[in-house]
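Engineer: how does the following fold in three dimensions:
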Amino acid sequence: MTITANQQNLLERSDINFSLKFGYLGLGMGGCSIAAECANVRTNVKNGHFPYNGLLINTNNMDFEKINVINPNIEKLQIGNGKGAGRDIEVGEQAFINNQDEIISVIKKQFSDRDFIWIVAGLGGGTGTGSVIESIKTLHRNGFQKKFGLILTLPRNKEGSTVISNALERLQRISGAMKGLGSIILVDNQKLYDKFIKENPDSSLADYLKFSNTFVAETLHELNVVTASFKPYGDSHFDSSEFENLIKTPGILSLSKYSVKDSKIDLANESSYVPEFTDSINNGILSDGYKLENATRAAASVIANKPTAQRVFTLSFTDKIENIIDEKSPLAGEKPIATYIDDKAKGVHFYTVFAGLKLPKRINELVVENNRLSALLEEKDEEDDVLASLQTFKRKKKQEDNFDDLDSLLSSNNNDDDLDFGDKKSKQEDWNPIDDL
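Structural biologist: Sure thing, here's the model as predicted:
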């Protein structure tokens, strides 16, 4: 999960190209942090030091102070009263609506030359979660139809019932409209957090947030570079236009990467690379738990330096990669397998992308967790009702009772039945598709 040497190499090089000019529309604190990191990607390409741009929208003016902006092509727009939305999605949504004319004006100015725009929101809060639906409508109605997708973060289990409930409410609406949107990238904070804390137990929460934001930014940048920069080895190619078609595919996008030392790959022994390559697909980079057989498009790109490519990129090797992708997504309409030569590459790097997927298992886990927390809240409410009822009860004191209340309680032989609040079982709500956002 750490940023690899190959990624750092791509950032420092001047001999790379970009498939698409991305624009990032950040909403709320979480969305603005990721969008800023994505737009802050800096390269050594002449006249392309900052290939991306961004627009950051938030209701909390102080949150902007926490975001480091180095790209002069990033704009900030504060809406609402400047004090935040207090995790109230209706407040965040209304703030966006109230400032829509200004937002539309800035969006048109900022993104007029962009090939594709990513709406970025951290699901669970007030501003980002609240305004994500309105931002979709705004882009769709103002000249950006079929030119935008979503990057949405999923909350961790311990972030509380309000956060999880907010996230699920918006996901429920978005899931019903996915066929009209471009690709959606889900960033599972629980997945990234578990991996990060295992590898960096002494780090702070700020360290994790910096890591996760950077990881998302450099993952997208790397994919955008790989499809445009290297010489194809053989006839097969996954070019920029195919990459653009893929990210415009409605549904969820699953990304994966696997890197291995040149010397480790032994073509006579498939176990030297096939199991780990397959695991990388199943585990994904940013989220997992997808039914990959639902993919409508898929692609794999493999990069190595020339000597390694001449040794590894045989017909049997590409056939094996093709078989793995075909087994994972047999119904995908397009699934190119491309091999490339990068003379500066160290190791062999595999990239796979699956598009048109449905929601992952993680969403069901969040629904179950939300229902568990709701059940606990109901139990607490019932307990409070019982205690309130007990407060109103007054026992008639018998004449012969001369001992105090504590003695009475301790010496009582009452056999009152224990209070039983019942066996509460969480019930998952049915998600009915909606026609319109």
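
Engineer: list the residues that contact the closest residue to Ser329 other than its chain neighbours.
Structural biologist: Nearest residue to Ser329, sequence neighbours excluded (C-beta to C-beta, 6 or more residues apart in numbering): Ala295, at 3.9 Å. Just so you know, the C-beta spots here come from the backbone N, C-alpha and C atoms, and that holds for glycine as well. By C-beta atoms under 8 Å, 6 or more residues apart in numbering, the contact set of Ala295 is 254, 328-329, 331-332, 354-357.

Engineer: can you pick the most crowded of those?
Structural biologist: Phe354 (30 neighbours; other C-beta atoms under 10 Å).

Engineer: which element is that one on?
Structural biologist: Assigning secondary structure by DSSP states H and E places Phe354 in strand 348-357.

Engineer: and whichever helix or strand comes after that strand, how far out from the chain's middle?
Structural biologist: Sequence order places helix 361-392 as the next helix or strand after strand 348-357, per DSSP H and E. Put simply, helix 361-392 sits 28 Å off its chain's centre (C-alpha atoms, centre = their mean, to the nearest Å).

Engineer: and if you look at stretch 244-258?
Structural biologist: Distance of stretch 244-258 from the chain centroid (C-alpha atoms, centre = their mean) equals 13 Å.

Engineer: export that stretch as CSV, just CAs?
Structural biologist: Taking Å, rounded to 0.1, in the frame of the first residue of the first chain, the C-alpha atoms of stretch 244-258 are listed here in CSV:
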residue,chain,number,x,y,z
GLU,A,244,-11.5,7.5,-21.5
ASN,A,245,-14.3,5.1,-22.6
LEU,A,246,-13.6,2.9,-19.6
ILE,A,247,-13.8,5.7,-17.0
LYS,A,248,-17.0,7.0,-18.6
THR,A,249,-18.6,3.5,-18.1
PRO,A,250,-21.6,3.7,-15.7
GLY,A,251,-21.0,1.7,-12.5
ILE,A,252,-18.2,1.2,-10.0
LEU,A,253,-14.6,1.1,-11.1
SER,A,254,-12.2,-1.3,-9.4
LEU,A,255,-8.5,-0.6,-9.7
SER,A,256,-5.6,-2.9,-8.9
LYS,A,257,-1.8,-3.0,-9.2
TYR,A,258,0.9,-5.6,-8.7
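
Engineer: what's the average pLDDT for that stretch?
Structural biologist: For stretch 244-258, mean pLDDT rounds to 95.

Engineer: related to what we said a few turns ago, what are the pairing partners of the strand holding Phe354, and which direction each?
Structural biologist: With DSSP bridges as the test, strand 348-357 is paired with strand 251-260 (antiparallel), strand 297-304 (antiparallel).

Engineer: just name the most buried of these.
Structural biologist: strand 297-304 (a mean of 25; mean count of other C-beta atoms under 10 Å).

Engineer: elements contacting whichever helix or strand comes after that one?
Structural biologist: Next helix or strand after strand 297-304 toward the C-terminus (DSSP H and E): helix 306-312. Applying 3 or more C-beta pairs under 8 Å, 6 or more residues apart in numbering; DSSP states H and E, one finds that helix 306-312 contacts strand 337-341.

Engineer: just checking: what are the partner strands of the strand it packs on?
Structural biologist: strand 231-232 (antiparallel), strand 297-304 (parallel).

Engineer: gap between it and the chain center?
Structural biologist: That offset, for strand 337-341, works out to 27 Å (C-alpha atoms, centre = their mean).

Engineer: how much space separates the spatially closest residue to Lys306 that is not a sequence neighbour from Val45?
Structural biologist: Excluding its sequence neighbours, the residue lying closest to Lys306 (C-beta to C-beta, 6+ apart) is Ile341, at 5.2 Å. Ile341 sits 20 Å away from Val45, going by C-beta to C-beta, to the nearest Å.

Engineer: name the residue in these two with the higher neighbour count.
Structural biologist: More neighbours surround Ile341 than the other of Ile341 and Val45, with 19 against 16 (other C-beta under 10 Å).

Engineer: the more buried one bridge partners, please.
Structural biologist: Beta bridges link Ile341 to Lys231, Ala304 when assigned by DSSP bridges.

Engineer: for stretch 46-65, which positions count as buried?
Structural biologist: Under the neighbour-count criterion of 16 or more other C-beta atoms under 10 Å, stretch 46-65 has 50-60, 63-64 buried.

Engineer: redo those residues as JSON lines? Include pLDDT.
Structural biologist: Formatted as JSON lines, the buried residues of stretch 46-65 follow (pLDDT from 0 to 100):
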{"residue": "Phe50", "pLDDT": "94"}
{"residue": "Pro51", "pLDDT": "95"}
{"residue": "Tyr52", "pLDDT": "97"}
{"residue": "Asn53", "pLDDT": "97"}
{"residue": "Gly54", "pLDDT": "97"}
{"residue": "Leu55", "pLDDT": "98"}
{"residue": "Leu56", "pLDDT": "97"}
{"residue": "Ile57", "pLDDT": "96"}
{"residue": "Asn58", "pLDDT": "95"}
{"residue": "Thr59", "pLDDT": "93"}
{"residue": "Asn60", "pLDDT": "90"}
{"residue": "Asp63", "pLDDT": "87"}
{"residue": "Phe64", "pLDDT": "87"}
